[in-house]
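# below is the structure, and that's it, no one-letter string:
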């Protein structure tokens with residue numbers, strides 16, 4: 001066997017983590033039809049490539065459909081021709097949908113939440129139309145850990161985006177096959193593969209705390225290079241006996 005190129009080494013590392021995530025959390029099963037949310041960003045492009053290649057392997061047998069949802073009231077310019085060509089080169093069907101939201105209709109939720117939720121609803125609709133039983137989203141390991149930190153900081157809850165989430169109300173399962181893949185590897189793969197960047201100009205982007213939390217996450221990794229793995233392990237190592245429990249006080253009679 002010859003010496004691997006840097007590109008081959010990177011793909012092997014990304015694909016290995018993708019396969020480990022799929023096996024660990026039971027993300028891909030025989031007979032699945034998976035709708036991939038293809039936004040056009042590096043994460044969704046890499047996700048589609050990983051799933052498309054894996055779908056050619058004998059076990060488990062599953063099929064893939066790529067779906068792009070355009071938000072008509074957000075200045076996010078998607079090159080539909082490029083996305084369609086990208087999917088077709090991988091022998092994956094490509095479908096599109098358009099939706100919108102009005103931030104003035106619900107002041108309790110942030111525009112980012114409303115945008116995300118409306119995109120998600122459009123994906124559910126497309127998934128049903130295409131006969132899919134699962135929707136794959138491009139959230140990577142960094143996204144999941146940063147969400148954990150955001151929920152701790154702003155919601156007071158120990159929670160995040162799980163790798164697998166059964167949505168009984170919609171008869172659909174959400175999966176995040178990039179859950180164990182670090183963002184830096186995806187950035188490097190996008191550069192090596194020549195992924196074309198989409199033009200993003202969201203008027204609500206500064207309203208999100210995610211950019212700030214990315215910086216907090218970077219600082220944690222500066223303090224401890226293994227911080228991401230410690231944070232991930234913490235989600236399966238909750239020592240309740242060492243946490244404060246609410247005590248219901250009874251009056252002394």
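Perfect, thanks for sending it. Remember, it's a predicted structure, so these values are computed and weren't measured experimentally.
# counting by contacts, list what the helix or strand harbouring residue 173 packs against.
Residue 173 is part of strand 172-175 when elements are defined by DSSP states H and E. If you count contacts as 3 or more CB pairs under 8 Å, 6 or more residues apart in numbering; DSSP states H and E, strand 172-175 packs onto helix 111-129, strand 134-136, strand 164-167. Bear in mind the C-beta positions are built from the backbone N, C-alpha and C, glycine included.
# what sits up against it?
With contacts defined as CB atoms under 8 Å, 6 or more residues apart in numbering, strand 172-175 is touched by 25, 27-28, 34, 124, 127-128, 132-137, 163-167.
# switch the cut-off to 6 Å
Identification of contacts with strand 172-175 by CB atoms under 6 Å, 6 or more residues apart in numbering yields 27, 134-136, 164-166.
# right, and the pair among these with maximum separation?
By the measure CB to CB, 136 and 166 form the most distant pair in these, at 14.2 Å.
# mind checking the SS state of residue 69?
Recorded secondary structure, residue 69: strand (DSSP: H, G, I helix; E, B strand; the rest coil).
# helices or strands next to the following helix or strand past the strand holding residue 173 in the packing?
Per DSSP H and E, the first helix or strand lying C-terminal to strand 172-175 is helix 183-193. Under the contact definition 3 or more CB pairs under 6 Å, 6 or more residues apart in numbering; DSSP states H and E, helix 183-193 sits against helix 6-24, helix 42-54.
# let's see that with 8 Å instead.
Under the contact criterion of 3+ CB pairs under 8 Å, 6+ apart, helix 183-193 touches helix 6-24, helix 42-54, helix 141-150.
# so can I have a markdown table of these showing mean pLDDT?
Shown next, in a markdown table, are the helices and strands packed on helix 183-193 (pLDDT from 0 to 100):
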| stretch | mean pLDDT |
| --- | --- |
| helix 6-24 | 97 |
| helix 42-54 | 98 |
| helix 141-150 | 97 |
